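Novice: here is a sequence with its predicted model. Questions after.
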Amino acid sequence: MSLSTLKNRGERGFLDGQFLIAMPGMADSNFARTVVYVCAHSDAGAMGFIINRAQNLSFAEVLTHLDMVKGEEAIVLPDQAREFQIQTGGPVESGRGFVLHSDDYRSDSSIPVSDDISLTATLDIVRAIYKGAGPKRATMLLGYAGWGAGQLEAEIGSNGWLNCPPSEDLIFDRSLDDKYERALALMGVTAAMLSSEAGHA
């Protein structure tokens, strides 16, 4: 189910706009030590993006792949575009790109995720970033994380995830290696504390 479909249902689940933080015992390798920003949650399911997993791909390579430019060596990027980060957003539709960004950029295809954050999945935002006319804060995510009706709630019930209010700074922070620990710190816990708790009934 797409984000627009989930959003257009007019329902808001309790995880809508929240962070999901994988518990240390997460068995699914797709989500081990991940922080997920949930963009939509309702009775029909949930959709979000992993925000702490690097993609071995540069923005210049993306532009070349999309045929927006010919040859990476010829690309001269504005400062903002040089810092534009490409990440792995999740295992679903991993070849599809999504741009999570601040709400100072809007197009007809942009979907508001929260009061301050929007999502755009069309080439117009990539072109705008390349030309230096994109949003102030943005990250491109390849693929997304999706759950069917009741699936995410069941995973939380079986101690797979923690959830907490999001931090916009953390969403767009380019330092990925310690983002998991910093997300846990938002809740006042550490991975070591959770590992020891997981061993007790």
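Specialist: Received it, and whenever you're ready, just let me know what you need. Numbering: from 1, shown residues only.

Novice: what score does residue 193 have for pLDDT?
Specialist: pLDDT, residue 193: 88.

Novice: the chain: helices as residue ranges?
Specialist: Assigned by DSSP state H, the helices in the chain fall at 3-8, 59-65, 79-82, 123-130, 151-157, 168-172, 179-186, 191-198.

Novice: so which other helices or strands are in contact with the third one?
Specialist: Counting by 3 or more Cβ pairs under 8 Å, 6 or more residues apart in numbering; DSSP states H and E, the packing neighbours recorded for helix 79-82 are helix 123-130. Using the backbone N, CA and C atoms, a C-beta is placed for each residue, glycine as well.

Novice: how about the helix it packs on: buried residues?
Specialist: Residues 125, 126, 128, 129, 130 are the ones in helix 123-130 that count as buried (16 or more other Cβ atoms under 10 Å).

Novice: ok so, going back, okay, the helices of the chain, which one's buried deepest?
Specialist: Comparing the helices of the chain by mean neighbour count (mean count of other Cβ atoms under 10 Å), helix 123-130 ranks first with a mean of 19.

Novice: hang on, the earlier thing: turn the helices of the chain into a markdown table, columns for distance to residue 110.
Specialist: Converted to a markdown table, these look like this (distance: least, Cβ to Cβ, whole Å):
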| stretch | distance to residue 110 |
| --- | --- |
| helix 3-8 | 11 |
| helix 59-65 | 19 |
| helix 79-82 | 18 |
| helix 123-130 | 8 |
| helix 151-157 | 25 |
| helix 168-172 | 16 |
| helix 179-186 | 25 |
| helix 191-198 | 35 |
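
Novice: which one of the ones you listed lies nearest to residue 49?
Specialist: helix 168-172 (8.9 Å; Cβ to Cβ).

Novice: packing partners of the closest one?
Specialist: Contacts defined by 3+ Cβ pairs under 8 Å, 6+ apart place helix 168-172 against strand 138-148, helix 179-186.
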